[in-house]
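Pasting the sequence and the predicted model now:
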Amino acid sequence: MTTSPTRPARTTRFVVGRVDEIPPGERRIVEANGREIGVFNIGGTFYAMLNRCPHLGAPLCEGGVVNQIESPVPGDVRLDEGQTFVTCPYHNWEFDVEDGRSYWNPRLRARPFSVALEGADEVKAALDRGELGRIPGPYTAETVDVAVESDYIVLSLRPARQERQPGGSS
């Protein structure tokens, strides 16, 4: 029996930046392990997805961010801020920012990633242990005393496994 050489573990967690560097309604597109990933701040909650539309490969995270619109009866149009979509810049296909599911074809998904908020001390310790990769600035974790820094955004490259039931919440 032959033994295959053990590959070194690739970093699966990356510091994206401080929470205040991505204000609500904004996004940052970063590169981690050779993949472009969009990190979105939607009302203070952070989401991330692969910057590639599964339909035709467009840079998905460069598209618009919109909310669900509902109309229970003609003339009564309401904005549902509880459901947010990223729209493909090529064909305007909409993908749920939480789970990547396509609004047009629920079997088609953009690839979501988990995002965690971690304190400065935790991030510094993980960086010192080599457990976190670094994404080039503009964050300033290297030059500011982390004991007084705000929290950091940490991206996990393990795909999110969140399933939502049609018509229900997660």
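That came through fine.

Which parts of the chain are strands?
Remark: strands assigned in the chain by DSSP state E are 13-18, 27-32, 35-42, 45-50, 65-73, 76-87, 94-96, 112-118, 133-134, 152-159.

looking at the ones you listed, which is buried most?
strand 94-96 (a mean of 23; mean count of other Cβ atoms under 10 Å). C-beta: built from backbone N, CA, C; applies to glycine.

and stretch 84-101, how far from the chain's centre?
12 Å (Cα atoms, centre = their mean, to the nearest Å).

what's that stretch in contact with?
Identification of contacts with stretch 84-101 by Cβ atoms under 8 Å, 6 or more residues apart in numbering yields 38, 40, 42, 47, 49, 53, 55-56, 58-68, 83, 102-104, 108-112, 160, 162-164, 170.

any idea which helix or strand of this structure has the worst average confidence?
Least confident element among the helices and strands of the chain, by mean pLDDT, DSSP states H and E: strand 133-134 (a mean of 61).

By mean pLDDT, show me the worst of the strands of the chain.
Note on the strands of the chain: strand 133-134 shows the lowest mean pLDDT, a mean of 61.

Can you name the residues bridging to Y152?
R18, E118 (DSSP bridges).

How far off centre is stretch 73-89?
That offset, for stretch 73-89, works out to 20 Å (Cα atoms, centre = their mean).

Could you do stretch 34-47 as well?
Averaging C-alpha positions (Cα atoms, centre = their mean) puts stretch 34-47 3 Å from its chain's average.

mind checking the end-to-end distance for it?
Separation of the first and last residues of stretch 34-47 by Cα to Cα, to the nearest Å is 19 Å.

Give me the contacts around it.
For stretch 34-47, the external contacting residues (Cβ under 8 Å, 6+ apart) are 16, 22-31, 48-52, 59-62, 65, 81, 84, 86, 97-98, 112-113, 115, 117, 153, 155, 157.
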